[in-house]
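Engineer: Structural data only, the sequence is not supplied:
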């Protein structure tokens, strides 16, 4: 299975504009599609994925071999790699989306004015969602499934490293759409690896795209945020912190820190910095650092953290506020919750931050004051995932303040309109 070839610039433009036109037409149809028709498509997609497991794994093996030959980091290879278990997880995710309540048409609020006019605020699809993502084949199905359930059309553009894998998965999505009688353009995968396609998507395809969602590294997200002429749901980096409060239970703290950092180091919810209250540095710091080091994680710490274990490397100034996406963590001793919150405000990315403590009042203070999309108490930062929130899946984590924040699921992929019903009312002069 070969990757699509690059094509001439004028042809890329024509191709992308045509994709936009067909996606817009599909979005119009999807906005009115019955819930059961959408759910039938999702279930058929899941079945097609299971039937096509061997084909998908074969395509993925070629992609993985290429990135390994190119010397990509192990975390990059892990994000790209598919296994039978991961394919089953993708299929199950589509079935979970099918099981969710349909947000389209839901009445958010209703009221009546003194003049008898009746108002309803009702959820409606956004329209056409452009998703630009790197080497994460699962996003193909997650994004396609979520946009379909929320009544939107999707234009997907994956990185060249994952093109074969994404194409194999996309074929299963199209099979599900076809079986349910929905337009195949409802979920479109850009069929070229030419980077010019991204520029055309960021320009909006002559008004066809309503919002862009980037999933990838800092370079990709930064480019999207700088160049997009349409709204963007995005986070630039996942610089996540775990703070060990002076009233933290060490037996809880150790497994949470290990899981937060090492469960999967290449995901945006991985803990990148460990903060420990000075009051318990003498009892908690050494066991935490030892557990990380023994598990194969490099620790870069301040002077006090280095004293806790001779294997700790000296942290450089840029290690704080850095997304390692690898088995590396920065660590620092802080003077209580105020300094921890100040550190997170300075170095964090408003993504996901956690406090470990037995004191509920301290935890509530942290949850209230830390200005991140997701804040946790006594839980791993790796719960920054739409599936774990009960959303079925997610397109990404949004850290902005407008429209969507946190995991972007079916509800976040809708907007609303007002339905107003009267009995002949006119507005007085």
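Structural biologist: All right, it came through fine. This is a predicted model, so every value here is computed, not measured.
Engineer: Select the longest helix from this protein.
Structural biologist: Determined from DSSP state H, the single longest helix within the chain is helix 9-30.
Engineer: Counting by contacts, list what that one packs against.
Structural biologist: Counting contacts by 3 or more CB pairs under 8 Å, 6 or more residues apart in numbering; DSSP states H and E, helix 9-30 packs against strand 128-133, strand 153-158, strand 187-189, helix 196-202. Glycine gets a C-beta too; all of them are placed from N, C-alpha and C.
Engineer: Please pull up the helix or strand immediately following the longest one.
Structural biologist: Toward the C-terminal end, the helix or strand that comes next after helix 196-202 (DSSP states H and E) is strand 211-215.
Engineer: Tell me which residues are up against that following strand.
Structural biologist: With contact meaning CB atoms under 8 Å, 6 or more residues apart in numbering, strand 211-215 is reached by 126-127, 129-134, 136, 139, 143, 201-202, 220-221, 224-225, 228, 230-234, 395-396, 408.
Engineer: Tell me, how many residues neighbour the closest residue to residue 22 other than its chain neighbours?
Structural biologist: Leaving aside its chain neighbours, residue 22 sits nearest to residue 185 (3.9 Å; criterion: CB to CB, 6 or more residues apart in numbering). When counting by other CB atoms under 10 Å, one arrives at 24 neighbours for residue 185.
Engineer: Contacts only, for residue 185.
Structural biologist: Neighbouring residues of residue 185 by CB under 8 Å, 6+ apart: 19, 22-23, 25-26, 153.
Engineer: if we go to 6 Å?
Structural biologist: 22-23, 26 (CB atoms under 6 Å, 6 or more residues apart in numbering).
Engineer: Looking at those residues, which one is closest to residue 385?
Structural biologist: Closest to residue 385 out of the contacts of residue 185 is residue 23 (27.0 Å), distances taken as CB to CB.
Engineer: most neighbours, which of the contacts of residue 185?
Structural biologist: Neighbour counts for the contacts of residue 185, by other CB under 10 Å, peak at residue 23, which reaches 27 neighbours.
Engineer: Identify the bridge partners of the spatially closest residue to it that is not a sequence neighbour.
Structural biologist: The shortest distance from residue 23 to any residue other than its chain neighbours is 4.3 Å, reached at residue 153 (CB to CB, 6+ apart). Using DSSP bridges, the beta-bridge partners of residue 153 come out as residue 128.
Engineer: Distance of residue 153 relative to residue 71?
Structural biologist: Relative to residue 71, residue 153 is positioned 37 Å away (CB to CB, to the nearest Å).
Engineer: now do residue 317
Structural biologist: Distance from residue 317 to residue 71, by CB to CB: 28 Å.
Engineer: One more: residue 259?
Structural biologist: In terms of CB to CB, residue 259 sits 29 Å off from residue 71.
Engineer: Neighbour count for those two, which is higher?
Structural biologist: The neighbour comparison of residue 259 against residue 71 (other CB under 10 Å) goes to residue 259, with 18 against 7.
Engineer: Can you verify my assumption that residue 353 contacts residue 341?
Structural biologist: No: between residue 353 and residue 341 there is no contact under CB atoms under 6 Å: 9.0 Å.
Engineer: Overlap of the contact sets of these two?
Structural biologist: By CB under 6 Å, 6+ apart, the residues touching both residue 353 and residue 341 are residue 370.
Engineer: higher neighbour count, the two?
Structural biologist: Counted by other CB under 10 Å, residue 353 and residue 341 do not tie: residue 353 has more neighbours, with 30 against 23.
Engineer: can you tell me which helix or strand the more buried one belongs to?
Structural biologist: strand 352-356.
Engineer: Just want the angle from the helix or strand following that strand to strand 352-356.
Structural biologist: Using DSSP H and E, the helix or strand that follows strand 352-356 in sequence is helix 360-369. For helix 360-369 against strand 352-356, the angle by axes from the mean of the first three to the mean of the last three CA atoms, to 10 degrees is 170 degrees.
Engineer: Would you indicate which residues of helix 360-369 are buried?
Structural biologist: Of the residues in helix 360-369, 362-363, 365-366 count as buried by neighbour count, 16 or more other CB atoms under 10 Å.
Engineer: Check stretch 136-149 too.
Structural biologist: Neighbour counts using 16+ other CB under 10 Å place 136-149 of stretch 136-149 among the buried residues.
Engineer: Run through the bridge partners of residue 276.
Structural biologist: residue 244, residue 333.
Engineer: which residues sit in contact with it?
Structural biologist: Residue 276 makes contacts with 244, 285, 333, as judged by CB under 6 Å, 6+ apart.
Engineer: just checking, the first one touches residue 253?
Structural biologist: Put plainly, it is residue 244. Yes: using CB under 6 Å, residue 244 makes contact with residue 253 at a distance of 5.4 Å.
Engineer: In terms of neighbours, single out the busier of those two.
Structural biologist: Set residue 244 next to residue 253 and count neighbours by other CB under 10 Å: residue 244 wins out with 31 against 23.
Engineer: now for the helices and strands packed on helix 9-30, which one comes closest to residue 324?
Structural biologist: Short answer: strand 128-133, nearest of those by CB to CB, at 20.4 Å.
Engineer: ok, which stretches of the stretch 201-350 of the chain are strands?
Structural biologist: Using DSSP state E, counting those that start in this stretch, the strands of the stretch 201-350 of the chain run over 211-215, 240-244, 271-277, 298-301, 313-314, 328-334.
Engineer: what's the angle between the last one and strand 271-277?
Structural biologist: I take that to be strand 328-334. Using the same axes, to 10 degrees: strand 328-334 against strand 271-277 is 20 degrees.
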